[in-house]
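Participant: What shape does this take:
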Amino acid sequence: MKKTLYIFLLVLSAPLLYAQSLTLDSCLNMAKQHNCTIRSSELDIAIAQEVKKQVLWKYFPQVSIEGFGFISAAPLVRMDVTKVGKTEDTREFLSELFSAVDTLSGGGLTSNIEIIRRGYSAGVRAVQPIYWGGMIVNGNKLAQLGVDAAKLQREVSERDLLQQVEESYWLVAGLYEKRKTVKQAYELLDTIQSVAQAAFEAGIATQNDLLKITLKRNEVATKALQLENGIHLASRALCQLVGLEYTKELELEPIPIEPELTLKLTLQDIDASKRPEQDLLEMNIRAEELRKKITIGETLPHIAIGAVGGASNFFEQNNWNITGVAMVTIPLTGWGETAHKIKEHNLRIEKARLMKTDLSEKMSLQNEQAYDVLTESIQLMLQHESAEKMAQDNYDISLMNYEAGMCTMSELLESQSLLLRAQNDYTDACINYRSALRRFKELNK
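Facilitator: Residues are numbered from 1 along each chain as shown. Model (predicted):
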């Protein structure tokens, strides 16, 4: 068991020869470039821009090419000229005329006429919208609103991601600090063991004192193993956030221990209306209003001009023509359905405004909470720093008292446990302060 503890201590104290050096700024920059959330937000912006480009084409003429052709097994039109006419006199006249022509031509004519067995037509149609009930204009405004909303959403996503990256970064850095604390705890236990061994040989200490030290070492070893597991998971999480291949050991910046005691902003200066979420909520209302206008536009007249040109051949001769057209479409039905759609949009607008009011109040409370958490974390950081110094002084006094035979081994080990706890509490307070500071600054830019 003693050999195992020494091996474990060697692992803790080994230099990080293969550690990858990372700064907070480098992690933040890598997260901006490689994180899935940011890349997804950029794709959302690109999608919104493509939608806007699609709607923009509604301003231009709609041009189409049309073609038609046919061939039939039998002529589409068949008739006997001797039987054409509504009256008997007409049919008799045509019959006599046909006989005379047949005689003059030497005979062989037939009175049956068969036409249109094959034919084709091809043309180009161009239609330019003039007025479309405001649907095209409002559709373009809605598309631009989508682009602006996607950019704002990316800003919010980036802000939340960078805060998460910084929290993860300082968490890993804090765990590394706790690793140093564990190493220091082993060194303190080595010192205590040396003192206890000398006291035992001098007949001052008992075998129970040496046993208590061994049990304490086992306790610290258990905490060290748990700490290593925490470092492993936290490091993997940080690498995933910044898009970096997982590295077992990371070399990070030390946690800053000097708090900003004087904040540039006070509670009275906090204004949640400057947050991008406020603009997103306002855009949501505007989007519903534009959708309402588009619905109304479906019931208004639609006016367009255009031209149709082409060629055809149905009677064994080619023809071509071009025609200018003007079109006016006035919907006469569907008013009942549209009225309910408009009511639906009005309700959605009311709901969006209600959400904006509610979320604005919540964001204001959130900003105030961030301020309170920051000021609280500063106080806790200072308190734990003072407690750590007191715990260190208490341990030094307990060690001297034990050497002088004025305290027991249990009291000495208790002072060592208090020192370890105070050091870890101070590390946690530093981490909480860095996270609270980032949160407060991001919400109150």
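Participant: Would you list the phi and psi of the closest residue to Gly123 other than its chain neighbours?
Facilitator: Leaving aside its sequence neighbours, Gly123 sits nearest to Gly310 (C-beta to C-beta, 6 or more residues apart in numbering; 2.3 Å). In short, each C-beta sits where N, CA and C put it, glycine included. As for Gly310, its main-chain torsions (degrees, to the nearest 10) stand at phi 180, psi -180.
Participant: can you check Glu298 too?
Facilitator: Here is the backbone geometry of Glu298 (degrees, to the nearest 10): phi -60, psi -20.
Participant: hang on, it packs against Asn138?
Facilitator: No: Glu298 is not in contact with Asn138 according to C-beta atoms under 8 Å; the separation is 11.1 Å.
Participant: out of those two, which sits in the busier spot?
Facilitator: The residue with more neighbours, out of Glu298 and Asn138, is Asn138; 21 against 15, by other C-beta atoms under 10 Å.
Participant: Now do the same contact list for the more buried one.
Facilitator: Counting by C-beta atoms under 8 Å, 6 or more residues apart in numbering, Asn138 makes contact with 290, 293-294, 297.
Participant: what do you get if the cut-off is 10 Å, keeping everything else the same?
Facilitator: 55, 132, 289-297 (C-beta atoms under 10 Å, 6 or more residues apart in numbering).
Participant: Which neighbouring residues are in contact with Gly134, exactly?
Facilitator: Residues near Gly134 by C-beta under 10 Å, 6+ apart: 141, 290, 293-294, 296-297, 300.
Participant: Kindly report the same for Gln49.
Facilitator: 143-144, 146-147, 150-151.
Participant: re earlier: where's the residue nearest to Gly123 relative to Ile116, distance?
Facilitator: The gap separating Gly310 from Ile116 is 18 Å, by C-beta to C-beta, to the nearest Å.
Participant: Next: Ser360.
Facilitator: Ser360 is 73 Å from Ile116, by C-beta to C-beta.
Participant: same deal with Leu290?
Facilitator: Leu290 sits 52 Å away from Ile116, going by C-beta to C-beta.
Participant: More neighbours: the two, which one.
Facilitator: A count of neighbours by other C-beta under 10 Å puts Leu290 above the other of Leu290 and Ile116, at 21 against 14.
Participant: Surely that one is in contact with Gly139?
Facilitator: Yes: using C-beta atoms under 10 Å, Leu290 is in contact with Gly139, at 8.1 Å.
Participant: any common contacting residues for these two?
Facilitator: Common contact partners of Leu290 and Gly139 (C-beta under 10 Å, 6+ apart): none.
Participant: biggest strand in this protein, by residue count?
Facilitator: Scanning the chain for the longest strand, with DSSP state E as the assignment, gives strand 118-131.
Participant: thinking again about what came up before, just the contacts of Asn138 now: which is nearest Val242?
Facilitator: Val55 (37.2 Å; C-beta to C-beta).
Participant: Contact partners for that closest one?
Facilitator: Val55 makes contact with 135-144, 146, according to C-beta under 10 Å, 6+ apart.
Participant: tell me the pLDDT at it?
Facilitator: We have a pLDDT of 90 for Val55.
Participant: when you give positions from now on, start the count at 755
Facilitator: All set: I'll call the first residue 755, so the last point we hit is now Val809.
Participant: Met1081: which of the contacts of Gln803 is nearest?
Facilitator: If you rank the contacts of Gln803 by distance to Met1081 using C-beta to C-beta, Ala897 comes first, at 25.3 Å.
Participant: Run a quick neighbour tally on the closest one.
Facilitator: Ala897 has 19 nearby residues by other C-beta under 10 Å.
Participant: wait, doesn't it sit right on Val805?
Facilitator: Yes: counting by C-beta under 10 Å, Val805 is a contact partner of Ala897 at 5.3 Å.
Participant: max-length helix in the chain?
Facilitator: Counting residues, the longest helix found in the chain (DSSP state H) is helix 1089-1157.
Participant: So for that helix, mean pLDDT?
Facilitator: In the prediction, helix 1089-1157 has an average pLDDT of 91.
Participant: Show the secondary-structure elements that it is packed against.
Facilitator: With contacts taken as 3 or more C-beta pairs under 10 Å, 6 or more residues apart in numbering; DSSP states H and E, helix 1089-1157 sits against helix 889-955, helix 1030-1051, helix 1163-1197.
Participant: circling back: so can I have CSV of the contacts of Asn892 showing distance to Leu1134?
Facilitator: Below are the contacts of Asn892 laid out as CSV (distance: C-beta to C-beta, whole Å):
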residue, distance to Leu1134
Val809, 54
Trp886, 63
Glu1043, 48
Leu1044, 49
Arg1045, 50
Lys1046, 52
Lys1047, 54
Ile1048, 55
Thr1049, 56
Ile1050, 58
Gly1051, 59
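Participant: pretty sure Ala1183 contacts Met1135?
Facilitator: Yes: between Ala1183 and Met1135 there is a contact under C-beta under 10 Å: 4.4 Å.
Participant: before we move on, back to that, and the contacts of Val809, which of them are buried?
Facilitator: 889-898, 900 (16 or more other C-beta atoms under 10 Å).
Participant: got those residues as CSV, with pLDDT columns?
Facilitator: Shown next, in CSV, are these (pLDDT from 0 to 100):
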residue, pLDDT
Met889, 90
Ile890, 90
Val891, 93
Asn892, 93
Gly893, 92
Asn894, 94
Lys895, 94
Leu896, 94
Ala897, 94
Gln898, 94
Gly900, 94
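Participant: still on that earlier bit, farthest pair in the contacts of Gln803?
Facilitator: Comparing all pairs in the contacts of Gln803 by C-beta to C-beta, the longest separation belongs to Ala897 and Lys905, at 13.4 Å.
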